[in-house]
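Chemist: Need coordinates for the following:
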Amino acid sequence: MKHAIKKYKAPYLFIMPFFLLFLVFQLVPTLWTVYISLTEWRGIGTPEFIGLENYRKIFVDDMFWEAFANTIVYWVTCLVLIMFFAVGIALLLNSPCLKARAFFRTTTFLPNICAAIAVGLIFRMLFDENMGLVNEFLSLFNVAKIPWLSSLEYSKIPVILLIVWRNTPWYTMIILSELLSIPNDYYEAATVDGAGFIKKFIYITLPSIQGMLFFCSVTLTVDMWKIFNEPYILPGPGTSNTSLFQYMYESGFNVFNMGYASAIGVFLMFVLTVISIVQFCIRKRQGEI
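Modeler: Numbers count the residues shown, from 1 in each chain. Now for the predicted structure:
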């Protein structure tokens, strides 16, 4: 061990800042959160150890499970839609038939750099029941006004649309970078063999970007389980739009029940770990890892 440290002293020094920052800003806060989840603490004073009481409360808290169900809806729906649109738009931006590709690649990324709160307020005005532009447009087709933000049936739609609109450009650029790395010789050979666009996509494009699609799915899964801004700025009736991350925030900073909020955070961390392990196991079973 001493010989290895002495031999690779320079590389260890270069990577040391990362591990120091990880220790201070990741590992220590995580361990502190686990400890606080076992206590009754209001943010001030000395935490009172109560064991697993906060975790028992989770299983009988209806608002928690409603937020959990909402988060699953956001995760599954947005994962499918974002990946679908990201791949489709990336293919269009990579098409040799598209003129001014540099311009469209730049403008495509703009929604991702817009402030989430500002865009959320715009979406709130767009989906307003009485004066929203969406209902005004639908009225041209004799569609009755839809209570987008005050109905249990429709309240999640504006949130999902906002999430998809903001996140699709980022994953589009990631997938586009992978498309640009595919040798053009593959497509030329397929053209000579008489393959059309669909066969090229299935047998060349899709296998070539599988690794990047897996990376995007894992990253997007983590992002969706931590979703906060969109449901917070576009609230539905009651807790119909509340995400699990938002409920954790409200439990900690509105009710000042830091112990229970920490328990929710640990539960969220456990769920993400399980989902990630399942995704990696599926990937490994396919022989890709």
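
Chemist: and residue 46, how many residues sit next to it?
Modeler: 7 (other Cβ atoms under 10 Å). In this view, the C-beta of every residue, glycine as well, is placed from N, C-alpha and C.

Chemist: Validate this expectation: it resides in a helix.
Modeler: No: looking at residue 46 with DSSP: H, G, I helix; E, B strand; the rest coil, it is coil, so not inside a helix.

Chemist: name the element the residue of the chain most remote from its centre belongs to?
Modeler: In terms of distance from the mean C-alpha position of the chain, residue 3 ranks first, at 43.5 Å (Cα atoms, centre = their mean). Element membership for residue 3, per DSSP states H and E: helix 2-7.

Chemist: What mean pLDDT does the following helix or strand past that helix get?
Modeler: Reading on from helix 2-7 to the C-terminus, the next helix or strand found by DSSP H and E is helix 9-22. Taken as a whole, helix 9-22 has an average pLDDT of 87.

Chemist: now do stretch 85-105
Modeler: The pLDDT scores in stretch 85-105 average 89.

Chemist: what does stretch 53-66 give?
Modeler: 94.

Chemist: before we move on, the earlier item: distance from the helix holding residue 3 to the middle of the chain?
Modeler: 41 Å (Cα atoms, centre = their mean, to the nearest Å).

Chemist: same question, stretch 249-259
Modeler: The answer for stretch 249-259 is 23 Å, by Cα atoms, centre = their mean.

Chemist: what do you get for stretch 249-265?
Modeler: For stretch 249-265, the distance to the chain centre is 22 Å (Cα atoms, centre = their mean).

Chemist: What pLDDT does the model give residue 288?
Modeler: 59.

Chemist: For the residue sitting nearest the centre point of the chain, which non-adjacent residue is spatially closest?
Modeler: For the chain, residue 223 is the residue whose C-alpha lies nearest the centre (Cα atoms, centre = their mean; 2.5 Å). Nearest non-adjacent residue to residue 223, counting by Cβ to Cβ, 6 or more residues apart in numbering: residue 167, 7.0 Å away.

Chemist: residues near the one you found, how many?
Modeler: With other Cβ under 10 Å as criterion, residue 167 counts 22.

Chemist: if I pick it, what's in contact with it?
Modeler: 78, 82, 112, 220, 223 (Cβ atoms under 8 Å, 6 or more residues apart in numbering).

Chemist: Now do the strands in the protein.
Modeler: 39-40, 48-49 (DSSP state E).

Chemist: and the least confident helix or strand in the chain by mean pLDDT, C-alpha only, in PDB?
Modeler: When each helix and strand of the chain is scored by mean pLDDT, DSSP states H and E, helix 2-7 comes last, with a mean of 74. Extracted in PDB, the C-alpha atoms of helix 2-7 (Å, rounded to 0.1, in the frame of the first residue of the first chain):
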ATOM      1  CA  LYS A   2       2.800   2.400   0.900                       C
ATOM      2  CA  HIS A   3       4.600   1.600  -2.300                       C
ATOM      3  CA  ALA A   4       1.500   2.100  -4.400                       C
ATOM      4  CA  ILE A   5       0.800   5.500  -2.700                       C
ATOM      5  CA  LYS A   6       4.400   6.600  -3.200                       C
ATOM      6  CA  LYS A   7       4.300   5.400  -6.900                       C
END
